[in-house]
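> What follows is a predicted protein model with its sequence.
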Amino acid sequence: MLGSNQYGKAEIRIVRVDRRPGGDELTDLNVSVALRGDLAASHLTGDNSNVLPTDTQKNTVYAFARQHGIDSIESFAQRLAEHFVASQESIREARVSIEQYLWRKVDGNHTFERTAETRTATVHHGPHGTQTVSGVRDLVLLKTTDSEFHGFVKDRYTTLPETADRILATSVNATWRHDGADPGAAKRALVEAFADTHSLALQQTLYGMGSRVLERCPEVVEVKLSLPNKHHFLVDLTPFGLDNPNEVYYAADRPYGLIEGVVRRDGVEVPEEVVWSF
Ligand SMILES: O=c1[nH]c(=O)c2[nH]c(=O)[nH]c2[nH]1
């Protein structure tokens, strides 16, 4: 028998230019739509009478960008998700996920430079209301000191030396669940906590980063972090008769430690995970 199913247009690339007297603004998005509802017939017999084509979904995204503009990825996703559920009787739930590529204006008023990180938002709209999860991906942070790692388990396979001073680097992948307003302060809180936490482990830094978001953003109930430990190993220069007082490192790209965790506001009921996966 048919199990859970969903369908929609994935990765709709859309660039909107807001042409303003003081300079143009650029919004660069990758929008994915997933719909659920009374859609089994299409799978079971090919009866498409309840199927809003994914091509139409794509067109709707472009039309909404023109008609309503794009205030924030959260509000744009919510408008779309509500539209698909409200306009089609057969559609009961909609999930709209948006990645935003960020561009910083360079000289003049119409030239832009792309930044490395990606902002994300997922809005789920269904019979139980609307849930919003915002986030950031590939936000690369590094501190040259203020990081230690010692006191760990040692067995016959352990070779890692203890250190009281190392480079700590990561590429932050974070999501935060909130009430729908766009908490721009969340990203700043993550960066600030990474910077000012004297780290005894990336695990401790993770908890500090999540906690800082909850302190700064009352509307956030939960922060999920996935932090690769981008190892920087001190190079042994003794074969060349040289010392290495924490100056020359080998930046390994793999393997990497992967530290993941959720930091949750105490006493707040967290709804079931809204992100559907297969
Ligand atoms: O911050 C760290 N946490 C670990 O769990 C770990 N393991 C490791 O080899 N290096 C590190 N660093």
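Received it, and whenever you're ready, just let me know what you need.

> quick one: the strands in the stretch 51-200 of the chain?
With DSSP state E, counting those that start in this stretch as the criterion, the stretch 51-200 of the chain has strands at 91-105, 112-126, 129-143, 168-178.

> Compute the inter-axis angle for the last one and strand 112-126.
This points to strand 168-178. 40 degrees (axes from the mean of the first three to the mean of the last three C-alpha atoms, to 10 degrees).

> returning to what we had before: just tell me which of the strands of the stretch 51-200 of the chain ends up closest to the ligand.
The ligand lies closest, by C-beta to the nearest ligand atom, to one member of these: strand 168-178, at 7.4 Å. To be clear about C-beta, it is placed using only N, CA and C from the backbone, and glycine gets the same treatment.

> average model confidence for that closest one?
Strand 168-178 carries an average pLDDT of 96.

> likewise stretch 130-139?
If you average the pLDDT over stretch 130-139, you get 96.

> Buried ones in that stretch, by neighbour count?
130-137, 139 (16 or more other C-beta atoms under 10 Å).

> Show the contacting residues for the residue of the chain found nearest the ligand.
Per C-beta to the nearest ligand atom, residue 202 is where the chain lies closest to the ligand, at 3.5 Å. Each residue near residue 202 by C-beta atoms under 8 Å, 6 or more residues apart in numbering is listed here: 168, 170, 227, 229, 257, 259.

> tell me the domain boundaries of the chain?
For the chain, automatic domain parsing gives the domain ranges 12-127, 139-274.

> May I see these organised as JSON lines, with distance to residue 2 added?
Converted to JSON lines, the domains of the chain look like this (distance: least, C-beta to C-beta, whole Å):
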{"stretch": "domain 12-127", "distance to residue 2": "5"}
{"stretch": "domain 139-274", "distance to residue 2": "22"}
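
> Looking at these, which is nearest to residue 1?
Evaluated over these, closeness to residue 1 peaks at domain 12-127, with 9.0 Å, by C-beta to C-beta.

> Output the set of residues of the stretch 1-150 of the chain in proximity to the ligand.
Applying C-beta under 6 Å from any ligand atom, we find that the stretch 1-150 of the chain lies next to the ligand at residue 149.

> which intervals of the stretch 51-200 of the chain have sub-threshold pLDDT?
Applying pLDDT under 70 to the stretch 51-200 of the chain flags the ranges 180-183.

> how far away is the residue located most distally from the centre of the chain from residue 235?
Distance from the centre of the chain peaks at residue 241, with 45.7 Å (C-alpha atoms, centre = their mean). Residue 241 sits 14 Å away from residue 235, going by C-beta to C-beta, to the nearest Å.

> so residue 17 is in which element?
Using DSSP states H and E, residue 17 maps to strand 12-18.
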